[in-house]
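K.L.:
Need a 3D model of the sequence below.
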Amino acid sequence: MGDIRVFLLDDHEIVRRGIAELIGLQSDIKVVGEAGTAAEALIRITASQPDVAILDVRLADGDGIEVCREVRSLFPNIHVLMLTSYLDDEALFNAIMAGASGYVLKEIRGTDLISTIRQVAAGHSLLDPSVTEQVLERLRNGKKDKDELADLTEQEKAILNLIGDGMTNRQIGEQMHLAEKTIKNYVTGLLAKLGMQRRTQAAAYFARLEANSENQNISQ
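P.N.:
Numbering: from 1, shown residues only. Next up is the predicted model:
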């Protein structure tokens, strides 16, 4: 099948170098590109076409989860592994909604990271065991419910639903036959009503609503 091609995005050179050196010891994995910023990553991932992109969640110039969303939208065959220093269940929800296959802490052992890369490349979805319970607890005890949607217009609810499906503003506009700028204005409005700042928060919120709805249906 050939080597597993890996791309690295982290704004700390020492982290990229350490992972690259670890991968360099493997006979079946190789690094085909790396970047220190979100802007560089999108360009270089397009050029290198890796099998697995390892993306830092927090970047100096942006959000690795947004990079994940863009990569998965443009290149569905590229698997994404999110790497982070912090245990953050909000970021985990956002990563899942963005299409990430795995989410691991930087304190992971080298041998475990290599194993995770191989499994992600094979198409498996993985979660670091230390964050799995956080997700389950969040699903069981979601603090928001559908009453909070009462202030949204029907158009805003429809757009929230499409955000939850992982669509970009352009894709939503095409589906609803509206200009991308119009969709952007709707998104700004619904985020304000929900007390949120980023569309990734809205996507995670929608995921929680869906999960809570499914759990209620199962219990009935």
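
K.L.:
tell me which helix or strand of the chain sits lowest on mean pLDDT?
P.N.:
helix 129-140 (a mean of 55; mean pLDDT, DSSP states H and E).

K.L.:
Can you name the element that comes right after that helix?
P.N.:
Next helix or strand after helix 129-140 toward the C-terminus (DSSP states H and E): helix 154-164.

K.L.:
got the CA coordinates for the following helix or strand past that next one in PDB?
P.N.:
Counting by DSSP H and E, the element after helix 154-164 in chain order, helix or strand, is helix 169-176. Output in PDB follows, covering the C-alpha atoms of helix 169-176 (Å, rounded to 0.1, in the frame of the first residue of the first chain):
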ATOM      1  CA  ASN A 169     -21.400  29.400   4.400                       C
ATOM      2  CA  ARG A 170     -20.900  28.900   0.700                       C
ATOM      3  CA  GLN A 171     -22.400  25.400   0.700                       C
ATOM      4  CA  ILE A 172     -25.300  26.600   2.800                       C
ATOM      5  CA  GLY A 173     -25.900  29.500   0.400                       C
ATOM      6  CA  GLU A 174     -25.900  27.200  -2.600                       C
ATOM      7  CA  GLN A 175     -28.400  24.900  -0.900                       C
ATOM      8  CA  MET A 176     -30.700  27.700   0.200                       C
END
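
K.L.:
which residues are contacting helix 169-176?
P.N.:
If you take Cβ atoms under 8 Å, 6 or more residues apart in numbering as the criterion, helix 169-176 is touched by 73, 158-159, 162-163, 167, 178-180, 182-184, 187. Every residue, glycine included, has its C-beta placed from N, CA and C.

K.L.:
Tell me which stretches of the chain form helices.
P.N.:
13-24, 38-48, 64-74, 89-98, 110-121, 129-140, 154-164, 169-176, 180-194, 199-219 (DSSP state H).

K.L.:
Check those for me: which has the lowest mean pLDDT.
P.N.:
For the helices of the chain, mean pLDDT drops lowest on helix 129-140, to a mean of 55.

K.L.:
Can you say which of the helices of the chain is nearest to residue 4?
P.N.:
Relative to residue 4, the nearest member of the helices of the chain by Cβ to Cβ is helix 110-121, separated by 4.5 Å.
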